[in-house]
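[1] Everything below, folded, please.
(one chain, ligands or ions: 1)
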Amino acid sequence: MPVQIQRLRLGLLLSALICAGAVHAAECGSTGAEYEAWKTATLRDAAAAGVGARGLQALKGTSYSTRTIAADRNQKSFKYSLPKFLQVRGADTIVAQGRKRKARDAAFYAALEQTYGVPAGVIIAIHGMETGFGGFMGDTNVVSAISTLAYDCRRSDFFTPHMLAALVLVDRGSITPQSVGAKHGEIGHTQFLPGNALAYGVDGNGDGRVDLTDQADALTSTANFLAQKGWRRGAGYQEGEPNFAVIKAWNAATVYQQAIALMGARIDG
Ligand SMILES: [Ca+2]
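    Prediction:
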């Protein structure tokens, strides 16, 4: 299928997903008590939004994730200074390992920069920060986690499109009902939320499937995300430079943004 038609169809699908999120027929809850009732109503919404049989079956199989809710209720905002944050997150180790990774896979990262304009250091710093280069990609069922967050009243509007996207990812074979990720349903090496996986996912290793637990797919998708968010080829990415604004689109925390920029420069340097 021509790429343009694929993009058009994806655009229409996403519009449907966003509308479905706004309809909000299913009632949210703040405990697990009404989860099954929510699921019954949401199955209808999901079918109406165009989710296929495999995705619907995955939603049916979910259960209320108490671990996800516990993690969500206990989220702490970043209170560290930048030097403390860099220390706590092991920036020196990420930079040292990152340099080795760049040298070892130079052709891969050069091709990424060639295609998307994003230098290796930024991609590698994100990879190191998100999962320790794939060392830990999470242990929570993705579809149950994201469905629980869509059901939970606290941020239902934000997570409902991600829940529908997760079901579409199941339809497409990008994830399975058994896939695990982080506690808010983030997937793979660089921890994409399902909606971002659907919108920005790229088949980097060319096996015909977008699988973000595959390193090549995940890093290519990360470069694509940054490119789509407006990365300017050849422009700087430190604070005050054009591409720092794009790093902000990756993570809302200021110290995290600063850390990515600084580590990226050390890996690229
Ligand atoms: Ca692939």
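[2] alpha carbons only for contacts and neighbour counts from here, please
    Will do.
[3] Residue 43: neighbour count?
    Neighbours of residue 43 under the rule other C-alpha atoms under 10 Å: 18.
[4] Hmm, it is touching residue 59, no?
    Yes: with contact defined as C-alpha atoms under 8 Å, residue 43 counts as touching residue 59 (7.2 Å).
[5] Check the protein for me, the residue farthest from its geometric middle.
    In the chain, residue 33 marks the outermost C-alpha relative to the chain mean, sitting 28.5 Å out by C-alpha atoms, centre = their mean.
[6] ok, the residue most central in space within the chain to residue 40 distance?
    With distances taken as C-alpha atoms, centre = their mean, the residue of the chain nearest its centroid is residue 192 (0.9 Å). Distance, residue 192 to residue 40, by C-alpha to C-alpha, to the nearest Å: 27 Å.
[7] repeat for residue 105
    Residue 105 is 48 Å from residue 40, by C-alpha to C-alpha.
[8] mind checking how far stretch 42-60 is from the chain centre?
    Relative to the centre of its chain, stretch 42-60 is centred 21 Å away, using C-alpha atoms, centre = their mean, to the nearest Å.
[9] Endpoints of that stretch, how far apart?
    10 Å.
[10] same question, stretch 145-165
    13 Å.
[11] Check what contacts it and list those residues.
    17-18, 20-22, 27-31, 35, 38, 46, 51, 59, 62-65, 68-69, 143, 166, 183-185, 193-196, 198 (C-alpha atoms under 8 Å, 6 or more residues apart in numbering).
[12] Does anything pack onto the helix or strand hosting residue 93? Which helices or strands?
    Residue 93 is located in helix 91-104, with elements delineated by DSSP states H and E. For helix 91-104, the packing partners by 3 or more C-alpha pairs under 8 Å, 6 or more residues apart in numbering; DSSP states H and E come out as helix 120-131, helix 254-268.
[13] if I pick residue 238, what's in contact with it?
    Neighbours of residue 238 in contact, by C-alpha under 8 Å, 6+ apart: 244, 258, 261, 262.
[14] Deepest-packed of the helices and strands packed on helix 91-104, please.
    With neighbours defined as mean count of other C-alpha atoms under 10 Å, the helices and strands packed on helix 91-104 peak in mean count at helix 120-131, which reaches a mean of 24.
[15] what angle do that helix and helix 91-104 make?
    130 degrees (axes from the mean of the first three to the mean of the last three C-alpha atoms, to 10 degrees).
[16] helix or strand right after helix 120-131?
    strand 140-141.
[17] thinking residue 47 is in contact with residue 54, fair?
    No: look at residue 47 against residue 54 with C-alpha under 8 Å: they stay out of range, at 10.9 Å.
[18] who's more crowded, those two?
    residue 54 (18 against 14).
[19] For that one, which three-state class applies?
    Recorded secondary structure, residue 54: helix (DSSP: H, G, I helix; E, B strand; the rest coil).
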